[in-house]
Every structure is written in structure tokens, then in C-alpha cells.
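[1] coords below, sequence missing:
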């Protein structure tokens, strides 16, 4: 569930097909995200899941799978 919602957020920010996004997809290398894109994705995650991701945790998000783990951690 988290992954599907995250795919939608990423596809909207990065203008990519959600089906191209896997848990192994990296934001910078695979999607070409810059710091503003990543910020927008983090903001989208925080709004969608009603959670807060600290700057320290956000810096550790490299792949889509990392983001899913942060969401799960914040929701638990």
C-alpha cells in the first residue's frame, strides 16, 4: 500500500510512468532527481501519510525502498 502511494507521488513530481518505479529505483541516479525534486517528494509523502520525516532521515533516503521503510517506521 505504501509503495503504490509512493509510486504515484514520485511519478507526479518526476513525470515518469509509475510502472517504471521499483523499490530498487534510486532517486538521483535512476530518476535524475535534484534536491528540489527530492524535497517535493518528501513533502508529498508527509502530506499523503500525515507523517513527518526529519532532515536526518530524509538524507538517508537513496532508493524508493528506503522511502518505504521511512514511511513504515513513521507509521508504526
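    Received it, and whenever you're ready, just let me know what you need. Everything quoted here is computed from the prediction, not taken from an experiment.
[2] pLDDT on the helix or strand encompassing residue 57, on average?
    Element membership for residue 57, per DSSP states H and E: helix 55-59. On average, the pLDDT along helix 55-59 is 93.
[3] next secondary structure after it?
    Going down the chain from helix 55-59, the next helix or strand is helix 64-75, by DSSP H and E.
[4] pull out the buried residues from that next one.
    Applying a neighbour-count criterion of 16 or more other Cβ atoms under 10 Å, one finds 64, 65, 66, 67, 68, 69, 70, 71, 74 buried in helix 64-75. (Each C-beta comes from the backbone N, C-alpha and C, glycine too.)
[5] before we move on, the earlier item: ok, and what's touching the helix holding residue 57?
    For helix 55-59, the external contacting residues (Cβ atoms under 8 Å, 6 or more residues apart in numbering) are 38, 42, 70.
[6] quick one: the nearest residue to residue 60 once chain neighbours are set aside from residue 38, how far?
    Spatial nearest neighbour of residue 60, chain neighbours left out: residue 66 (6.5 Å); criterion: Cβ to Cβ, 6 or more residues apart in numbering. Distance of residue 66 to residue 38, given as Cβ to Cβ, to the nearest Å: 11 Å.
[7] by mean pLDDT, point me to the weakest helix or strand of the protein.
    helix 55-59 (a mean of 93; mean pLDDT, DSSP states H and E).
[8] with that, I have no additional questions.
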